[in-house]
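Colleague: Provided below are the primary sequence and the corresponding predicted coordinates.
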Amino acid sequence: MGSSANNLEAASDRQAALSVAPTLVAATIETLQRHAPFDRMDVECLAWVVGRLSVVYFAPDTIVLEPGEAPPLYLYVVRQGAVVGSDPADPRQGAFRFRVSVGESFPLGALLGRRPVTSRYRAVGDTFCFRLAAPDVQVLMDRSPVFQAFASQRLGTLLAIARRQTQAERTTEFVRQPFERPIRELLRRDVVQCRLGSPVREALERMQRGRVGSVLVTDGENRPVGIFTLRDLRDRVALTGYSIDAPIDAVMTRDPVTVRVDAMAYDAALLMTRHGFHHMVIVDEGRAAGVLAESDLFALQRVGLSALSAALRSAATIEQLRAASSQLLGLGRMLLAQGLGSEQVARILSTLNDRLTTRVIEIEAQAASVPLDTFCWLALGSEGRHEQTLATDQDNAIAFPDPPDDDADGVRARLLPFARRVNEALAACGFPLCRGGIMASNPVWCLSESEWRERFSSWIGTPDGEALLNCTIAFDFRPLCGNIDAGNALRDWLCEKTRSRGLLLRLMTQSALRNEPPLGTLRDFVVDVHAGRPDTIDIKENGVVLFVDAARILSVAVGDGHTNTAERLRNAARERSLAPSEVEGWIEAFAFLQSIRFTHQLAQVEAGAAADNFVAPDALNTLDRRILREALRQARKLQERLRLDYRL
């Protein structure tokens, strides 16, 4: 172990003034420009900085800085190696709060606040740092608005840079609107088709079920021989009196012009313009691949929220809902490409998922003759928090009013078959069944209001491991459909029941703190093998969940009825008088982890793979890796807040 770097003037023989060597100045500028905020500072300002830098070496395990009575004398930028910061009072061997990697600066907060550092900084391996004296840091704040903004709101600045970069990438990749994209990317539904010789009635029925304006007519080898559209229905059937039970052969448009699926959308648009078509038949090696409507060419130029929402509301069958749900992926991609944050995207998608789920419930309730006012459908988990992504299964439950005859089992017996139909219909629309059985069709999750109060009271009163697990799922419930008043009453009761429950909160905190951020000492991240994929992080369990669990604890402690993680954190900040900048740092970090998760899942789905949460840090660009580290540090800070609150 070595002495504090505040006394490192004795090590001047290991320092090199950079101002004496112009080639070294240029090389150092180039090195700094690889990292924020130096990458956005002008060269003149960088040259000024480099002229005042020195280089200092720290042997492995050297104490660089530690808490004391005086503010630090220097700002350090890691050039090689790494530095970890730990709590001097933490008795755990090897425990650390954060890791400072190549290109990152420390201790910026203490320098700007002109206060002593609160952590012990220790070198990991052979470490070299650029060093800038504290007075020069203050001058730099005045000279460079870029550095000043970065120093004041480091995480927010990094996220803003990342959003601009990502938006530019996605605009190039996804929003080549729309004519520069392959036709394959524009096909949104399965081919609606019928065989040659089929009656017109069958074609119309297929068009109605698929909610499309045309049907492709194919031969026995699935080669397109004709197309039948609503215009054909008007001109060749309705106006001529042709029987809809007669073969479609006489009224279809024969030998339609086709275009290959790997052609560009521009080619289809050109043919439509040239021939006056509203539909274009798409083929893959001569066989039918789909029909591209004129409207499809312009669908990507607008978000289409109102149209999709209307389609969900007006759907009359589960098949129609299934067709509408297939558009959610494209919508999510567009929203991200247009620069919306992950919190907003998750909100929009969750709202549309709510509408889809509500319509499924309405359709199945009518089919099963179950009045909507006899139950309340509860959304649990990520759906309850308005935080669904593309890898989300079902978590739901039912609460029903206490029956006058106390025959809860009888009511349950009538509701369970209906709930099973809803769960299966949602699975058909892209929301897989919960492997843990946390669904309304499970009798354990279909209870009367009194039974729910008893169940919650049991979990709260005896918070063992299973009870705590159930709390993490059920405490996030949100009334979705049916008897909403009953659901809200249950939520109000639960908020009052759990407010300031010391033992429950302490045990919830202990459970949450067992899940530590995957930050490494020798490496930036602690990675593992997930689902056969080495060197990955479970960005959900070891990232997103860190914030979700902490926000839930803060929310339960103050009796807050909100379920959304960001809202819970903001409300807890007001109730507990937490520093707004601290809380916004947590929220920004949470949003970034969700954004990484969205982006990862979109790439998987578009590649034809199942969406998961296993992100390889080495596959991220330099900026995203840096923000990922900072986001996980924010998770650690939030956990430290809980640790102090409950003295753990």
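Modeller: Good, I have the coordinates. Residues are numbered from 1 along each chain as shown.
Colleague: from here on, just use CA atoms for contacts and neighbour counts.
Modeller: Noted.
Colleague: how about the residue lying closest to residue 245 once chain neighbours are set aside, phi and psi?
Modeller: Nearest residue to residue 245 in three dimensions, chain neighbours excluded: residue 199, at 5.0 Å (CA to CA, 6 or more residues apart in numbering). Phi and psi for residue 199, reported as degrees, to the nearest 10, are phi -70, psi 150.
Colleague: give the bridge partners for residue 199, please.
Modeller: Beta-bridge pairing for residue 199 (DSSP bridges): residue 247.
Colleague: tell me how many other residues surround it.
Modeller: 17 (other CA atoms under 10 Å).
Colleague: cool, and residue 64?
Modeller: Look at residue 64: counted by other CA under 10 Å, it has 24 neighbours.
Colleague: ditto for the one 10 residues further on
Modeller: Under the neighbour criterion other CA under 10 Å, residue 74 is assigned a count of 20.
Colleague: now the helix or strand hosting residue 345: buried residues?
Modeller: According to DSSP states H and E, residue 345 maps onto helix 342-367. Within helix 342-367, the residues that count as buried by 16 or more other CA atoms under 10 Å are 342-343, 345-365.
Colleague: same thing with stretch 510-525?
Modeller: When burial is assessed from 16+ other CA under 10 Å, stretch 510-525 yields the following buried residues: 512-513, 517-519, 521, 524-525.
Colleague: where does the stretch 351-500 of the chain dip in pLDDT?
Modeller: Across the stretch 351-500 of the chain, nothing is flagged by pLDDT under 70.
Colleague: please enumerate the strands of it.
Modeller: 376-379, 396-400, 446-448, 478-482 (DSSP state E, counting those that start in this stretch).
Colleague: tilt between the second one and strand 478-482?
Modeller: With axes from the mean of the first three to the mean of the last three CA atoms, to 10 degrees applied, the angle from strand 396-400 to strand 478-482 works out at 60 degrees.
Colleague: I'd like to know which elements strand 396-400 is packed against.
Modeller: The contact analysis (3 or more CA pairs under 8 Å, 6 or more residues apart in numbering; DSSP states H and E) places strand 396-400 against strand 376-379, strand 446-448, helix 449-461, helix 484-498.
Colleague: so which residues of the stretch 151-300 of the chain form strands?
Modeller: Per DSSP E, counting those that start in this stretch, the stretch 151-300 of the chain carries strands over the ranges 193-195, 214-218, 224-229, 253-254, 258-260, 279-284, 287-293.
Colleague: who wins for proximity to residue 89 among the ones you listed?
Modeller: Go through those one by one with CA to CA and the one that ends up closest to residue 89 is strand 287-293, at 66.1 Å.
Colleague: neighbouring strands - and their directions - for that closest one?
Modeller: strand 279-284 (antiparallel).
Colleague: any chance of the strands of the stretch 351-500 of the chain in a markdown table, plus distance to residue 118?
Modeller: Output for these, formatted as a markdown table (distance: least, CA to CA, whole Å):
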| stretch | distance to residue 118 |
| --- | --- |
| strand 376-379 | 43 |
| strand 396-400 | 45 |
| strand 446-448 | 51 |
| strand 478-482 | 41 |
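Colleague: now render the ones you listed as JSON lines, adding distance to residue 287 and mean neighbour count.
Modeller: Formatted as JSON lines, these follow (distance: least, CA to CA, whole Å; neighbours: other CA atoms under 10 Å):
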{"stretch": "strand 376-379", "distance to residue 287": "43", "mean neighbour count": "26"}
{"stretch": "strand 396-400", "distance to residue 287": "42", "mean neighbour count": "27"}
{"stretch": "strand 446-448", "distance to residue 287": "48", "mean neighbour count": "26"}
{"stretch": "strand 478-482", "distance to residue 287": "44", "mean neighbour count": "24"}
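Colleague: circling back: how about the strands of the stretch 151-300 of the chain in CSV, adding mean pLDDT, distance to residue 384 and mean neighbour count?
Modeller: Below are these laid out as CSV (pLDDT from 0 to 100; distance: least, CA to CA, whole Å; neighbours: other CA atoms under 10 Å):
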stretch, mean pLDDT, distance to residue 384, mean neighbour count
strand 193-195, 94, 39, 23
strand 214-218, 93, 39, 25
strand 224-229, 93, 42, 24
strand 253-254, 91, 50, 15
strand 258-260, 91, 44, 20
strand 279-284, 88, 41, 21
strand 287-293, 87, 37, 22
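Colleague: got a markdown table for those strands, with distance to residue 207 too?
Modeller: Output for the strands of the stretch 151-300 of the chain, formatted as a markdown table (distance: least, CA to CA, whole Å):
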| stretch | distance to residue 207 |
| --- | --- |
| strand 193-195 | 9 |
| strand 214-218 | 6 |
| strand 224-229 | 9 |
| strand 253-254 | 16 |
| strand 258-260 | 20 |
| strand 279-284 | 14 |
| strand 287-293 | 12 |
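Colleague: relative to residue 106, which of those strands is closest?
Modeller: Nearest to residue 106 among those is strand 287-293 (55.9 Å), distances taken as CA to CA.
Colleague: contacting residues around the closest one?
Modeller: If you take CA atoms under 8 Å, 6 or more residues apart in numbering as the criterion, strand 287-293 is touched by 186-187, 189-192, 216, 218, 221-224, 261, 278-283.
Colleague: and with 7 Å instead?
Modeller: Here strand 287-293 makes contact (CA atoms under 7 Å, 6 or more residues apart in numbering) with 187, 190-191, 222-224, 278-283.
Colleague: circling back: tell me the contacts of the residue nearest to residue 245?
Modeller: Contacts of residue 199 (CA under 7 Å, 6+ apart): 244-248.
Colleague: looking at the strands of the stretch 151-300 of the chain, which is nearest to residue 408?
Modeller: strand 193-195 (48.3 Å).
Colleague: which other helices and strands contact that closest one?
Modeller: Applying 3 or more CA pairs under 7 Å, 6 or more residues apart in numbering; DSSP states H and E, we find strand 193-195 packed against strand 214-218.
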